[in-house]
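# Next one to model:
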Amino acid sequence: MAYGTILYAAEDRVAWITLNRPSKANALSLKLCAEFQDALASAERNPDVRVIVVKGAGDRTFSAGFDMDEDRSEVGPSNLDDWDLDDWTRYFDLGVKFIHSVFNCSKPVIAMINGYCLAGALDFAISCDIRYCSDDSRFGVIETRMGIGDTELPMMSHLIGQRCRELVYTGDMFDAQEAYRLGVVNRVFPKDRLEEEVTLVAKRMSRVALPALVWNKKALNHTLLAAGLDSALRYSFAVDLIIGKSDSEFKRFREIQKSEGAKAAFKWRNAIFEPFESETSGLSSRPASKQAARTQNGVG
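Modelled structure (predicted):
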């Protein structure tokens, strides 16, 4: 099947799904989320596929998060200011279903992260079974700096424990080595060898008998579910709705975005944090900051 926002290929027991919106930093649009879930279901149904790898098109960005500039009229009014609680619930529910699709998939899903992995894209990657990244990758729960909630806090807390609090409370960005130290990624590879190394891991994994892969994943997932993951996610979803409807910085951010554009909105947001940045935090105090700011425009 031909897709408009993703690429799909399957060969030698491994399926590859590519987030294919490079001009938009592979932002997660409603269409992309729907097409991804369709391709994931195809890979899950295919008896010849045992492992699934997700990557971003290009060599600079896995994904910069959900597309904040897209037309959402299929969910609610075109003007977000006119959205009521039901509209926000429908929109968040679509995002949550996309993020959790990889967790609920019966087969192992690997996130191959090459470059920036921010906001909702980080939530998505954390829901994958395994994460490998290039040595120039950058991560961040940057949506908190716009006054937006993060539905996937329970998954992040499971992955890295109490250390996620600093990331969520500050919205700081962090590099590949810090991601490895925290446990966000399993391994860091040189940029020019990332795909080769991930392919070798996926091929080795795909040589394991399919029942072993499927049932071991079920057992690991059940450990989280038995510990109350579903309940925690439902509460986090409700919190996200409360934050989204509150009179927070997000409202001001959207006002500037509508009147002056996304670039101006991020400039306003970054200026709030600028005086307090250090060499290891934020978007404006490191050499990569200009590219990071460009990567974020219109996404979260």
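# bridging residues for D67?
With DSSP bridges applied, D67 shows beta-bridge pairing to V299.
# any idea how far it lies from K31?
9 Å (Cβ to Cβ, to the nearest Å). Using the backbone N, CA and C atoms, a C-beta is placed for each residue, glycine as well.
# and if you look at D175?
31 Å.
# Check D87 too.
With the distance defined as Cβ to Cβ, D87 ends up 18 Å from K31.
# Between D67 and K31, point out the one with more neighbours.
D67 (24 against 16; other Cβ atoms under 10 Å).
# In this structure that one contacts A25, no?
No: counting by Cβ atoms under 8 Å, D67 stays clear of A25, with 9.2 Å between them.
# Please name the nearest non-neighbouring residue to the residue nearest the centre of the chain.
The geometric centre of the chain, computed from its C-alpha atoms, lies nearest to A121 (Cα atoms, centre = their mean), at 1.4 Å. In this structure, A121 finds its nearest non-sequential neighbour in S63, 3.5 Å apart by Cβ to Cβ, 6 or more residues apart in numbering.
# Pull up the per-residue confidence for the one you found.
Listed pLDDT for S63 reads 96.
# what are the bridge partners for it, then?
S63 has these beta-bridge partners by DSSP bridges: C117.
# mind starting the numbering at 475 from now?
Got it, first residue is 475 now, which makes that one S537.
# other SSEs contacting whatever helix or strand M679 lives in?
If you go by DSSP states H and E, M679 is part of helix 668-680. Packing contacts for helix 668-680, counted by 3 or more Cβ pairs under 8 Å, 6 or more residues apart in numbering; DSSP states H and E, involve strand 488-493, strand 525-530, strand 583-587, strand 604-608, strand 661-663.
# Show me what the first one is in contact with.
Applying Cβ atoms under 8 Å, 6 or more residues apart in numbering, the set of residues contacting strand 488-493 from outside is 479-484, 500, 502, 506, 510, 513-514, 516-517, 520, 523-531, 536-537, 673, 676-677, 680.
# Right, I'll call it a day here.
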